[in-house]
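J.: Sequence first, predicted coordinates after that:
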Amino acid sequence: MTPQPLTCHFARIAAARAVFALALVACGLPAAAQTDSMAALASRSAIVVLGTVTKVDASEEPLVAPSRSTAVIRIDRMYAGSELAGDQTGRSATVVLSRPGSVKVGDQALFFGNPRLIGKTITIADEGELPAPRAEAGKAPQALELGIQARRDAPLRERLATGQSIFRGTVETVRPLEAEARARRTLPREEHDPEWRVAAVRVTAAMRGAQNGAVVPVVFAASRDIQWFNSPKLRPGETAVIIGQRPREGEMTLLRGTGAARLFQDRRAVLVTSPFDVLPAADERRVVELLQSKEEPR
């Protein structure tokens, strides 16, 4: 979802609550509580689907026993979770309900949950269920979109909270970290050697802890080992948003013997090890909005 200016987010929340409240009143449900629940449930659910109940007290997963807390649904639409289980639209899923006996055959509802099992079919452990919202030209309700986006933003927010230097920059050079003399090395080579490299990144848009035009040493793991496969890799000429971190204790242990210590002593260098530490330049606006949102009243 393309980020919108921060001031629009609060207007969208208000509009979404007003529209969804009308639908819930018609269903005889407490409007305010249910409207709040849609965004809240989505924000903590990896899978969000619109589904129609085909069986109750039933299960299509052999490892999940049928009970009043289980139901089988046909997935009518996936709002979130296809990156985990693929697009399951039109297929059956077993749901472990948040409230036993809360649905009946023929009900269409939003199911918010997290995967318990993924095989020929998926089994969802529900955080909650809500009545199906009134269709709006095939669009997801705004409160639902905001909750899903909040979940997607959560790991990025965590990295922003600890980021020492945050900026958009262009990689000028990449080189291996200098190894200290063998006589001074006290630690054996790690089985999962990170193969540390340092990129010289020219700052083109500073957001925190950096200055435009400065060159920041950015240390990263070049290894393709399973432990480091998802760690970001920088290439000369690449332009990206960097959320540079201070090394944690365990990371500093791995950096010993590479000559990296002096780079971090004067706080010039930063480390990137999480996939969320290096983002495409197109995500700059989203990063700026999340940084600004920390100052907004909730």
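T.: Now that the structure is in, tell me what you want to look at.
J.: mind listing the helices for the stretch 1-150 of the chain?
T.: Ranges of helices in the stretch 1-150 of the chain, per DSSP state H, counting those that start in this stretch, are 6-26, 31-43, 82-85, 142-162.
J.: ok, Val56 - contacts?
T.: Contacts for Val56 (Cβ atoms under 8 Å, 6 or more residues apart in numbering) come out as 71, 101, 103-105. (Each C-beta comes from the backbone N, C-alpha and C, glycine too.)
J.: and if we set it to 6 Å?
T.: 71, 105 (Cβ atoms under 6 Å, 6 or more residues apart in numbering).
J.: what does Gly90 give?
T.: No contacts exist for Gly90 under Cβ under 6 Å, 6+ apart.
J.: re earlier: which of the helices of the stretch 1-150 of the chain has the lowest average pLDDT?
T.: Lowest mean pLDDT within those: helix 6-26, a mean of 41.
J.: isn't Ala214 right up against Val203?
T.: Yes - with contact defined as Cβ atoms under 6 Å, Ala214 counts as touching Val203 (4.9 Å).
J.: same question for stretch 231-241, mean pLDDT?
T.: 96.
J.: which of the residues in that stretch are buried?
T.: Neighbour-count burial for stretch 231-241 flags 231-234, 238, 240-241 (criterion: 16 or more other Cβ atoms under 10 Å).
J.: Going by distance to Val272, which of those residues wins?
T.: Comparing the buried residues of stretch 231-241 against Val272 with Cβ to Cβ places Pro232 closest, at 5.2 Å.
J.: gap between the closest one and Asp107?
T.: The gap separating Pro232 from Asp107 is 44 Å, by Cβ to Cβ, to the nearest Å.
J.: cool, Pro62 as well?
T.: In this view, Pro62 and Asp107 are 25 Å apart by Cβ to Cβ.
J.: Of those two, which one has the most company?
T.: A side-by-side neighbour count of Pro62 and Asp107, using other Cβ atoms under 10 Å, places Asp107 first with 16 against 8.
J.: Could you report the pLDDT at that one?
T.: In this model, Asp107 is scored at 96, pLDDT.
J.: Quickly list what the nearest residue to it once chain neighbours are set aside is bridged to.
T.: With sequence-adjacent residues excluded and distances taken as Cβ to Cβ, 6 or more residues apart in numbering, Asp107 is closest to Val53, at 4.6 Å. Counting by DSSP bridges, Val53 forms beta bridges with Ile73.
J.: I figured Val53 hits Val105, correct?
T.: Yes - with contact defined as Cβ under 6 Å, Val53 counts as touching Val105 (5.4 Å).
J.: Same drill for these two, tell me which one is more crowded.
T.: Per other Cβ under 10 Å, whichever of Val53 and Val105 has more neighbours is Val53, with 21 against 12.
J.: and that one, what is it in contact with?
T.: Shown in contact with Val53 (Cβ under 6 Å, 6+ apart): 71, 73, 103, 105, 107.
J.: just Pro194 next, same as before
T.: Applying Cβ under 6 Å, 6+ apart to Pro194 gives the contacts 221, 223, 228, 254.
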